[in-house]
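J.: A predicted structure for the sequence below; I have some questions about it.
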Amino acid sequence: MTLPYLPPRGQIEPALPDAAWLQEDARPTRDPREQLDYLARFLWRWKRLVFFISAPIMLAGFFYLLIVPEKYSAHATLMVGFRQPELLTAEQVRSPVRGEPDIDGAIDLIRAEPALRHVASELDLAARPELAGAGRVSLLVRFKRALASIFDRTNGASNQSADPTAWVAAHLRKDIKIDRVGRSTLLDLSYTSSDAAMAAKVVNSLAKFSSEDESFLSRMSLAERAGFQIVKVSVVTEAVPPQEPSSPNSPLILAVTTFCALMAGLGALLVKQFQEQRTVRGVEQVTRRGLRALGVILDDQNVERHPGAGVAMVAGDPTHAFSASVMSLHVALSTLPRLHKERGLVLLVTSALPGEGKSTTAAALATSMAASGKRVLLVDGDLRAPTLHRSFGVEQRPGLAEFVDSQVVLEAAIRRDRTTGVHFLASGKGNANPLRVLNSIRFQTGLRVMRAEYDTILIDSPPVLAAGDARILAQLSDYVVVMTRWGSTSWCVLGHALRALQESGARLAGVVVSRVDRRQLSIYDYGGAQIYGAGYGEYLDARGE
């Protein structure tokens, strides 16, 4: 989706010198080589996914070829014509038989049960292993027979004996194929079996029986034979045992298996790309959508579990990867031009929805700024769900709510953390109407006093889409830092939040991606997790992270 451009507020001068690059019409055209590079890295990124999706399908195809027995098809060619009677009349001599014989009738006669039973008996097919199961009555057949015996006493199907020869004949009827060769009177008789020699024997036996059966003619006199045009089946070529199997078709199966594996892998890639396009994943995606990416905050389990772990880590272990990522964000924000000379810079830290790391980042960022020697004030503007006081281990009150209600003076409400040097203004007691506090003249007057006393003022606000507090604070701040969560914040939600800030006249400093998986950072961005920390990764490797 196209994210909105946040123009500078009209009353604030000077405007950002490089703000024009955020506009849709001012963005440089993308180089096709950049698109190819992105596609190549995307394919390389998910090569394992393609392998794990495609490999089982390929193995299934190979396994199928291994377990499926080879079958051979034997073919014989028959010709259907008229039998010339032994006693010819004068009329038959003058007018010989013309026209086409009944091909369909001849095929039905060849597939008739007496012919198939003759072949089964002649070759003793009921004793062959591949046809031994034909005489077994399945449970489904027995169930049908039992129902027939219950609901139809006159039906004799339940009393039929399981004749193996009849079952083999029924099996042959399904497997024997008789096809007409073009429009001629030739027929192709074929049978498929795992035994090439038996397949040829079955075809030749059936062809011979169909061409030599005289049982019908033996009951007719010569005069009767002369009065009928009797169809005659003749054997043109006998079947020979085939040398090459007819099934399975290995090249076709391999081709279909490969195609299905590739399509499955491609489908998985498309689904993965759709998922990636829905959520924020890395700095590169932010910049590709025309937004300024301030940096990333690496994920750390200790920081997420303990409220004050981020502050302690930045203050006590600046070489840690998490601390290095916070310092990188600090440097990016230090390049922002000051809109008011000789006055502090007010930065609003917010997010679209809860749980995107804004409070943790604000506390760690304030610690990093204070470590550089600047006077930093951290204001907990989230009066609805305050959490920043836990990061510094102080009480929630007195704070902002008490100052607005004139219960304490500003100097008494602001406390200084001795370990980090950060000045902190807590939220105060729970307030039923946070908008009244933020819209009060006393708060705005106090903010002007804070500007004169501190170099940087960081305000932690509620999420933009959860409450209207962030829109009010955005109007009082110089810049807005929007936090997003790796793989969780959707671009649709972020777009709604940016539009809300745009309508409030906010000036966007940039977007920060928090809780980034350091192992996958190099997959989605050009830099890896090793760029954060002492010696570009030696400290990380030594700790086994």
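T.: Yep, it's here. Worth saying up front: this structure is predicted, and the values here are computed from it rather than measured.

J.: for the chain, longest helix please?
T.: Criterion DSSP state H: the longest helix present in the chain is helix 250-278.

J.: what about residue 170, neighbour count?
T.: 14 (other C-beta atoms under 10 Å). For glycine as for every other residue, the C-beta is placed from the backbone atoms N, C-alpha and C.

J.: ok so, going back, residues of the longest helix of the chain that come out buried?
T.: 253, 257, 261, 264, 265, 268, 269, 276 (16 or more other C-beta atoms under 10 Å).

J.: Which one of those is nearest to residue 434?
T.: residue 276 (36.2 Å; C-beta to C-beta).

J.: The closest one: what's it in contact with?
T.: Residues near residue 276 by C-beta atoms under 8 Å, 6 or more residues apart in numbering: residue 285.

J.: Give me the three-state assignment for the residue nearest to residue 257 when sequence neighbours are not counted.
T.: Computed as C-beta to C-beta, 6 or more residues apart in numbering, the closest residue to residue 257 that is not its neighbour in sequence is residue 61, at 3.0 Å. Under DSSP: H, G, I helix; E, B strand; the rest coil, residue 61 falls in the helix class.

J.: now residue 61: how far from residue 71?
T.: 18 Å (C-beta to C-beta, to the nearest Å).

J.: which stretches of the chain form strands?
T.: Secondary structure of the chain (DSSP state E): strands at 72-83, 177-180, 186-193, 230-237, 293-298, 345-351, 376-380, 414-416, 423-425, 456-460, 479-485, 508-516.

J.: CA-only coordinates of the fourth one in CSV, if you can.
T.: As requested, C-alpha coordinates have been extracted for strand 230-237 and formatted as CSV (Å, rounded to 0.1, in the frame of the first residue of the first chain):
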residue,chain,number,x,y,z
ILE,A,230,-22.6,-64.0,-40.3
VAL,A,231,-19.7,-61.9,-38.8
LYS,A,232,-16.3,-63.6,-38.9
VAL,A,233,-13.4,-62.6,-36.7
SER,A,234,-9.9,-63.4,-38.0
VAL,A,235,-6.5,-63.1,-36.4
VAL,A,236,-4.2,-60.9,-38.4
THR,A,237,-1.2,-60.8,-36.0
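
J.: thinking again about what came up before, is it true that the residue nearest to residue 257 touches residue 253?
T.: Yes. If you go by C-beta atoms under 8 Å, residue 61 and residue 253 touch, sitting 5.9 Å apart.

J.: how about low-confidence regions in the chain?
T.: Residue ranges of the chain with pLDDT under 70: 1-32, 34-35, 83-99, 129-162, 213-230, 342, 430-432, 522-545.

J.: let's go with 50 and repeat that
T.: Low-confidence segments of the chain, defined by pLDDT under 50: 1-2, 5-28, 134-137, 153-161, 227, 535-545.

J.: Residue 303 contacts residue 360, doesn't it?
T.: Yes. Using C-beta under 8 Å, residue 303 is in contact with residue 360, at 6.2 Å.

J.: out of those two, which sits in the busier spot?
T.: Neighbour tally, residue 303 and residue 360, criterion other C-beta under 10 Å: the higher count belongs to residue 360, 27 against 24.

J.: Now do that one against residue 504, distance only.
T.: 24 Å.

J.: With residue 320 instead?
T.: 36 Å.

J.: The two: who's more crowded?
T.: residue 320 (23 against 18).

J.: The residue nearest to the more buried one when sequence neighbours are not counted - how many residues pack around it?
T.: Leaving aside its sequence neighbours, residue 320 sits nearest to residue 313 (C-beta to C-beta, 6+ apart; 5.5 Å). If you count neighbours by other C-beta under 10 Å, residue 313 ends up with 21.

J.: State the distance from residue 313 to residue 303.
T.: Taken as C-beta to C-beta, the span from residue 313 to residue 303 is 7 Å.

J.: Next, show the common contact partners of those two.
T.: 322, 364.

J.: returning to what we had before: shouldn't the residue nearest to residue 320 be in contact with residue 324?
T.: No. If you go by C-beta under 8 Å, residue 313 and residue 324 don't touch, sitting 10.4 Å apart.

J.: contacting residues around the nearest residue to residue 121 once chain neighbours are set aside?
T.: Using C-beta to C-beta, 6+ apart and skipping the chain neighbours, the partner closest in space to residue 121 is residue 165 (5.9 Å). Contacts here follow C-beta under 8 Å, 6+ apart; on that basis residue 165 touches 117, 120, 121, 126.

J.: Report the separation between residue 165 and residue 125.
T.: Using C-beta to C-beta, residue 165 is found at 8 Å from residue 125.

J.: before we move on, what about residue 72?
T.: 16 Å.

J.: Look at those two and report which has more neighbours.
T.: residue 125 (26 against 21).

J.: mind checking how far that one is from residue 212?
T.: For residue 125 relative to residue 212 (C-beta to C-beta), the value is 20 Å.

J.: Same check on residue 429?
T.: In terms of C-beta to C-beta, residue 429 sits 110 Å off from residue 212.

J.: With residue 270 instead?
T.: 64 Å.

J.: Likewise for residue 334?
T.: 104 Å.

J.: now do residue 400
T.: For residue 400, the distance to residue 212 - C-beta to C-beta - is 110 Å.

J.: Could you do residue 235 as well?
T.: Distance from residue 235 to residue 212, by C-beta to C-beta: 9 Å.

J.: What of residue 480?
T.: Counting by C-beta to C-beta - residue 480 and residue 212 are separated by 98 Å.

J.: do residue 509 as well
T.: 98 Å.

J.: returning to that earlier point: for residue 470, find the nearest of the strands of the chain.
T.: Taking those one by one with C-beta to C-beta, strand 345-351 is closest: 4.6 Å.

J.: I'd like to know how many residues surround residue 347.
T.: 21.

J.: Now do residue 242: how many residues are near it, please.
T.: What residue 242 shows, counting by other C-beta under 10 Å, is a neighbour count of 18.

J.: so what's the residue lying closest to it once chain neighbours are set aside up against?
T.: Leaving aside its sequence neighbours, residue 242 sits nearest to residue 72 (C-beta to C-beta, 6+ apart; 4.5 Å). Contact analysis of residue 72 by C-beta under 8 Å, 6+ apart lists 192, 193, 194, 195, 196, 199, 241, 242, 244, 245, 246.

J.: what sits against the nearest residue to the second one once chain neighbours are set aside?
T.: Just to be clear, that refers to residue 193. What sits nearest to residue 193 in space, not counting adjacent residues and going by C-beta to C-beta, 6+ apart, is residue 199, at 4.1 Å. Each residue near residue 199 by C-beta under 8 Å, 6+ apart is listed here: 72, 73, 74, 191, 192, 193, 239, 241, 242.

J.: Check these against residue 440 and report the nearest one.
T.: Distances from residue 440 to those, taken by C-beta to C-beta, are shortest for residue 192, at 90.6 Å.

J.: if I look at the closest one, how far off is residue 111?
T.: For residue 192, the distance to residue 111 - C-beta to C-beta - is 15 Å.

J.: Repeat that for residue 403.
T.: 100 Å.
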